[in-house]
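Enquirer: The following block contains a protein sequence and its predicted model.
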Amino acid sequence: MDLEPSQPASTPTSAPSPVLPTSTPGTSSTATATPTAVSLPTDTPLASFTATPTPTVLPTSTPVPYAPGVCLTAEETELARLINEHRHNHGLPDAPLSRSLSYVAQVHVRDLEDHRPHQATDESGQQCNMHSWSDQGNWTPVCYTPDHKNASGMWEKPGELTDYPGRGYENSYSHSLRATAEGAITGWKNSPAHNAVIIEEGIWAGKNWQAMGIGIYGKYAVVWFGEEPDSEGTIPPCP
């Protein structure tokens, strides 16, 4: 399904999931509530002056660069917390954090941000959506179209990129300015198709998710779920 700004998307296991219309759901994360791009003023030259250099103050700790599969940023950690809180409210246990699925999630949001594979079309002219992968990485490109004909290319990404033993299923979200944990969970909770993935309802009933991966980067956020435990274990918060 196509992803519009501030609209999430989900995919099914063996049967096509409900496809969200190109119009966004009526939530705080929908296009109508999405901030438009801010027009920043052009740079104004400063008056010429001579400045005395001040000593450089070094940070006490060096920020960890965004390296997929190493750790979760504060925003990613918060999204994992919000997802499991929502599951608890529906009588479900935590979906355990997975290093492998988080690697896949973090690689994917980088690909979405840097290469925008969802803005392309396939050979028949169908629009790719945000479950798509570009041809700019060490993976098989996928144009995920509304008819789900290339769904397996997305489902199999965990096994292609890691040693994770099962398929993965993704909810996606984008925002016109910056994706946040709160924006993503709000959008998914208010979209029946995506909410069902998280709380295991409808075609997802009884999945008993044993692994969860989180990625947030730039305008994009994704969560991946899997039915198999991850032998690589969990992934910690970034220091």
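Expert: Sure, I can see it. Numbering: from 1, shown residues only.

Enquirer: how many neighbours does residue 120 have?
Expert: As a burial measure, residue 120 scores 14 neighbours (other C-beta atoms under 10 Å). (Glycine included, C-beta is placed from N, CA and C.)

Enquirer: so what does the longest helix along the chain touch, helix or strand wise?
Expert: In the chain, taking DSSP state H as the definition, the longest helix is helix 99-115. With contacts taken as 3 or more C-beta pairs under 8 Å, 6 or more residues apart in numbering; DSSP states H and E, helix 99-115 sits against helix 157-161, strand 169-174, strand 211-217, strand 220-226.

Enquirer: Mind listing what's buried along the helix or strand following it?
Expert: As assigned by DSSP states H and E, the chain's next helix or strand after helix 99-115 is helix 151-155. For helix 151-155, burial by neighbour count (16 or more other C-beta atoms under 10 Å) applies to 151, 153-155.

Enquirer: again, but for stretch 204-218
Expert: 204, 207, 209, 211-217.

Enquirer: List just the nearest of the residues you listed to residue 114.
Expert: Nearest to residue 114, judged by C-beta to C-beta, of the buried residues of stretch 204-218 is residue 217 at 8.8 Å.

Enquirer: circling back: pLDDT of the longest helix of the chain, averaged?
Expert: Per-residue pLDDT values across helix 99-115 average out to 97.

Enquirer: Just the CA atoms of it, as CSV, please.
Expert: Taking C-alpha atoms only, helix 99-115 is exported to CSV below (Å, rounded to 0.1, in the frame of the first residue of the first chain):
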residue,chain,number,x,y,z
ARG,A,99,19.0,-7.2,17.4
SER,A,100,18.4,-8.8,14.0
LEU,A,101,15.1,-7.2,13.3
SER,A,102,16.3,-3.9,14.6
TYR,A,103,19.2,-4.1,12.2
VAL,A,104,16.7,-4.7,9.3
ALA,A,105,14.5,-1.8,10.6
GLN,A,106,17.4,0.6,10.9
VAL,A,107,18.8,-0.3,7.5
HIS,A,108,15.4,0.2,6.0
VAL,A,109,14.7,3.6,7.4
ARG,A,110,18.1,4.8,6.2
ASP,A,111,17.2,3.4,2.7
LEU,A,112,13.8,5.2,2.8
GLU,A,113,15.4,8.5,3.9
ASP,A,114,18.4,8.4,1.6
HIS,A,115,17.0,6.7,-1.6
